[in-house]
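Asker: Sequence below, structure please.
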Amino acid sequence: MTGVSLLTYADRLAGNLPGLGRMLSDELSVFSGVHVLPFFTPFDGDDTGFDPIDHTAVDPRLGGWADVRAIAASREVTADLIVNHVSNRSAEFEDWLARGRRSPHDGMFLTFDRVFPGGATEGDITAFYRPRPGLPFTPYRAADGTRRLVWTTFLPSQVDIDVTHPAGIGYLERLADTLAAGGVGTVRLDAVGYAVKTPGTDSFMTSRTLEFVAQAAELIRARGMRVLVEVHAHHSQQQAIAPLVDLVYDFAFPPLLLHALRTGSAARIAEWLGIRPANAVTVLDTHDGIGVIDAGPSGDRAGLLSHDEMAEVFRAAHEATGGHSSLASVVPAWMTLPHQINATFFSVLGGDTRRMLLARALQVFLPGEPQFYYVGLLGGLDDRELFARTGQGRDVNRHVYTPDEIARALETEVTRGQLALAELRRHPVFDGAFTWDAPDAASLVLRRRGGGHEAELRVRFDDQDFEITFDGAPVRLGS
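Answerer: This next block holds a predicted model:
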């Protein structure tokens, strides 16, 4: 896809899907694609849509599949296929609790005994990686009184699917059919790193997980859609999974960028530029915050950043947000640091417009497909009020915008500059060759050449400034 895509909730930016379609045809027309975060029924559950009761239905409060297809008529639509879990209020789960083995959905849900048919030791259970505190099981009582221990990797209301069972596979096939019929062009496999539980491992991004990713990719591509995998993990995992799918995320870039801005050194980003997958969706912040674990060490594998350097990135965010990012970020079980910063990217940069545009410029020049999150685009600062109301750390970066707030944001230098960068990225020169070099310890130069044109970005991290030229002439952003 040429250009930049927008990552957004339909309701939190535009009220509903028709409203989002209007914005993409008007003030946000520079975006070539849009990833609409879960719009299924309900879009406002315990995990803001990532716990669908009916994954095949558009929540009628947002619109219908016709509205999705209308957006897809003029730009690529990305939607989530939540492969790891579904709501405990889904018809499938409720039917299984009511009818047990007589249910057509028997086997769809992952129970303790499916993973540990011979039982498990304390060591077996605590070996599993979970991104939240506690153990990944929730007890449920069936209608006949039988007690079942169901895997719930994220929340007790998000029951895990057995993706190795025919009932689980059939469920995923039905979802893929629905998305294809709805005009979706790219499917994001959400939480796929947790989908396969393998005793004797931490069950996160194992060899069996990679086998499942390849199978899921085949299922989606057979329906004419591209495959994007969402995995927060050691950078080597992104390198391993990239050849299996169409797109992965470059989650390592944001913490490396924050490290460079704090230290004035380009060295760690330069190291990553030499090895990063080219088929990457580049991001700064997302609806899940700013991933940091992706650049750090894992077990005996060295990271692009050391543990102490990761801690420095968190400390810088703490200072920039007056300590609020530390309040909002969660430390997973068995870990000493959060795996992500819960704050807006603009807040972590201290609300500094020039630094934000520097970050976006780097993102736009990197190979892959850049994606702007709606809060970052609008120069959003932490929504402390929403966090205080819900207690959910990620809500600091999930503001619900009013039309007046959007109108004001569109007049700011930070938003105008980002829209100008999105417009620049539409030029065919970005389909051409990419080269880069590090002329000194504090600098990077990124170039794009093609069709007789050249675009160049020069960044100095010690001065925290940048310059873009197009065919040798300076480019002014947002003027």
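Asker: use CA for all of it now, contacts and neighbours both
Answerer: Will do.
Asker: Leaving out the residues flanking it, which one is nearest to Gln237?
Answerer: Met205 (7.2 Å; Cα to Cα, 6 or more residues apart in numbering).
Asker: residue contacts, the one you found?
Answerer: For Met205, the contacting residues are Gly193, Tyr194, Ala233, Gln237, by Cα atoms under 8 Å, 6 or more residues apart in numbering.
Asker: out of these, who's nearest Ile290?
Answerer: Comparing these against Ile290 with Cα to Cα places Ala233 closest, at 13.0 Å.
Asker: how near is the nearest residue to that closest one once chain neighbours are set aside to Ile406?
Answerer: With sequence-adjacent residues excluded and distances taken as Cα to Cα, 6+ apart, Ala233 is closest to Asp294, at 4.9 Å. In this view, Asp294 and Ile406 are 32 Å apart by Cα to Cα, to the nearest Å.
Asker: Could you check which of those two is surrounded by more residues?
Answerer: Higher neighbour count among Asp294 and Ile406: Asp294, with 27 against 13, using other Cα atoms under 10 Å.
Asker: quick one: the more buried one and Gln237 touch, right?
Answerer: No. Contact criterion Cα atoms under 8 Å: Asp294 and Gln237 do not qualify, at 9.1 Å.
Asker: Could you give the number of residues near Leu386?
Answerer: 18.
Asker: unless I'm mixing things up, it is touching Asp395, no?
Answerer: Yes. Counting by Cα under 8 Å, Asp395 is a contact partner of Leu386 at 6.2 Å.
Asker: Can you give me the pLDDT of Ala407?
Answerer: What the model reports for Ala407 is a pLDDT of 98.
Asker: Near it, how many other residues are there?
Answerer: Neighbour tally, Ala407, other Cα under 10 Å: 13.
Asker: i'd like the first residue to be 8 from this point on
Answerer: Will do, 8 is the new start, and the previous item becomes Ala414.
Asker: Surely it forms part of a helix?
Answerer: Yes. Ala414: assigned to a helix according to DSSP: H, G, I helix; E, B strand; the rest coil.
Asker: Look up how far Arg367 lies from it.
Answerer: Counting by Cα to Cα, the gap from Ala414 to Arg367 is 21 Å.
Asker: Likewise for Pro304?
Answerer: Pro304 sits 26 Å away from Arg367, going by Cα to Cα.
Asker: Per-residue pLDDT of Tyr400, please?
Answerer: Careful, residue 400 is Gly; it's not Tyr. pLDDT at Gly400 comes out at 91.
Asker: what kind of secondary structure is Val466 in?
Answerer: strand.
Asker: Once you drop chain neighbours, what's closest to Arg483?
Answerer: Ile475 (7.9 Å).
Asker: Using the three-state scheme, assign that neighbour.
Answerer: Per three-state DSSP, Ile475 ends up strand.
Asker: just the strands in the stretch 58-207 of the chain please.
Answerer: Counting by DSSP state E, counting those that start in this stretch, the stretch 58-207 of the chain has strands at residues 61-65, 83-89, 92-94, 144-148, 154-158, 165-167, 193-197.
Asker: picking that back up, how about the contacts made by the residue nearest to Arg483?
Answerer: Ala462, Glu463, Leu464, Arg465, Pro481, Val482, Arg483.
Asker: Tell me where this protein is predicted with low confidence.
Answerer: Low-confidence segments of the chain, defined by pLDDT under 70: 8, 339-342, 486.
Asker: domains in it, as residue ranges please.
Answerer: Each domain of the chain is listed here as a residue range: 12-89+176-438, 98-167, per automatic domain parsing.
Asker: Buried subset of the contacts of Ile475, written for ChimeraX?
Answerer: To isolate the buried ones among these in ChimeraX, judged by 16 or more other Cα atoms under 10 Å, type:
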select :462,463,464,465,482
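Asker: which one among the contacts of Ile475 gets closest to Glu326?
Answerer: Arg465 (27.7 Å).
Asker: can you give me the helices in the stretch 108-257 of the chain?
Answerer: Taking DSSP state H, counting those that start in this stretch as the test, the helices found in the stretch 108-257 of the chain are 119-122, 129-133, 173-188, 214-228, 242-248.
Asker: Distance to Thr397 added to these, as a markdown table?
Answerer: Putting the helices of the stretch 108-257 of the chain into a markdown table (distance: least, Cα to Cα, whole Å) gives the following:
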| stretch | distance to Thr397 |
| --- | --- |
| helix 119-122 | 31 |
| helix 129-133 | 29 |
| helix 173-188 | 30 |
| helix 214-228 | 33 |
| helix 242-248 | 32 |
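Asker: Which one, of those, ends up nearest to Thr55?
Answerer: helix 173-188 (18.6 Å).
Asker: Which elements pack onto that closest one?
Answerer: strand 61-65, strand 83-89, helix 214-228 (3 or more Cα pairs under 8 Å, 6 or more residues apart in numbering; DSSP states H and E).
Asker: As JSON lines, the ones you listed with distance to Arg269 and mean neighbour count would be great.
Answerer: Listed next are these as JSON lines, based on distance: least, Cα to Cα, whole Å; neighbours: other Cα atoms under 10 Å:
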{"stretch": "strand 61-65", "distance to Arg269": "42", "mean neighbour count": "21"}
{"stretch": "strand 83-89", "distance to Arg269": "34", "mean neighbour count": "24"}
{"stretch": "helix 214-228", "distance to Arg269": "35", "mean neighbour count": "18"}
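Asker: how about Ala427, phi and psi?
Answerer: With angles defined as degrees, to the nearest 10, Ala427 sits at phi -70, psi -40.
Asker: Can you report how many residues neighbour it?
Answerer: 16.
Asker: now it: how far from Phe372?
Answerer: 13 Å.
Asker: and what of His434?
Answerer: For His434 relative to Phe372 (Cα to Cα), the value is 12 Å.
Asker: can you check Ala323 too?
Answerer: Taking Cα to Cα, one finds Ala323 at 25 Å from Phe372.
Asker: Name the residue in these two with the higher neighbour count.
Answerer: Just comparing Ala323 and Phe372: by other Cα under 10 Å the higher neighbour count belongs to Phe372, 25 against 21.
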